[in-house]
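Enquirer: Please work out how this folds:
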Amino acid sequence: GINNDTHANRAYPASYDSANIISVAAIHNEGGLAAFSNYGPTTVDVSAPGEFILGAVPATGSTAAGWGYFSGTSMAAPHVSGVAALVGSASPSLLATPTMLRAHLLRTAKAASATLDLTASGRMIDAYRALIAPEVVRQSGSDRYATAAAATRPAFLTHPYYVFVATGQNFPDALAGAATAAVLGSPLVLVTG
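Expert: Modelled structure (predicted):
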């Protein structure tokens, strides 16, 4: 229940700035942050369901195996891990580097307004969107700058982790930046100078 960005005792390994870590906040069934969940606009990446999650309970001693409801970020993180496994099995090319899979999961997560200023993406993991290619919608503008802005806007309504800036007057600059931006799931903004 702490702001992981500012608290003296940050949670690890979630706080490591590493391309192979996705830090997960827990949300309740109405999409708001669970009272017990850590958050952080720069250190917590995405949210997932984490309150009253039905899970298997192993047999112990005289108690038979069964089912029980649990709450915690330890219930939210498996949702993200499960979606990562599904995506990796459906699109093995995304497993080439951790950054590609991570960027795909964050890019395809759906906007969650209740976590907008509490997580870096302001989004909740979405298995359907991660597995199914989104609908293609043609975007245009009055010039290359307006077209680039129109094409970027729908995909990055919330706070992107990185923003790439390139000149619109020299195409190799934008071309080189576009590849890196795509791998990281980040927008590329064209400027005049």
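
Enquirer: Relative to its centre, which residue of this structure is most distant?
Expert: When distances to the mean C-alpha position of the chain are computed (C-alpha atoms, centre = their mean), the maximum falls on Ser62, with 41.7 Å.

Enquirer: which parts of the helix or strand containing Pro78 are buried?
Expert: Taking DSSP states H and E as the criterion, the element that holds Pro78 is helix 73-90. Residues of helix 73-90 classed as buried: Thr73, Met75, Ala76, Ala77, Pro78, His79, Val80, Val83, Ala84, Val87 (neighbour count, 16 or more other C-beta atoms under 10 Å). To be clear about C-beta, it is placed using only N, CA and C from the backbone, and glycine gets the same treatment.

Enquirer: going on from that helix, what's the next piece of helix or strand?
Expert: Per DSSP H and E, helix 73-90 leads on to helix 98-108 as the next helix or strand towards the C-terminus.

Enquirer: The chain: strands as residue ranges?
Expert: In the chain, strands defined by DSSP state E lie at 24-27, 46-49, 53-57, 66-70, 110-111, 123-124, 164-167, 188-191, listed in chain order.

Enquirer: Just list what the second one packs against, helices and strands only.
Expert: The elements that strand 46-49 packs onto, with contact taken as 3 or more C-beta pairs under 8 Å, 6 or more residues apart in numbering; DSSP states H and E, are strand 24-27, helix 73-90, strand 123-124.

Enquirer: let's go with 10 Å and repeat that
Expert: strand 24-27, helix 73-90, helix 98-108, strand 123-124 (3 or more C-beta pairs under 10 Å, 6 or more residues apart in numbering; DSSP states H and E).

Enquirer: Off-centre distance for the second one?
Expert: Same thing as helix 73-90. On the basis of C-alpha atoms, centre = their mean, to the nearest Å, helix 73-90 sits 12 Å off its chain's mean C-alpha point.

Enquirer: mind starting the numbering at 39 from now?
Expert: Okay, using 39 as the starting number, the last item reads as helix 111-128.

Enquirer: Which secondary structure elements does that helix sit against?
Expert: Counting contacts by 3+ C-beta pairs under 10 Å, 6+ apart, helix 111-128 packs against strand 62-65, strand 84-87, strand 91-95, helix 136-146, strand 161-162, helix 165-169.
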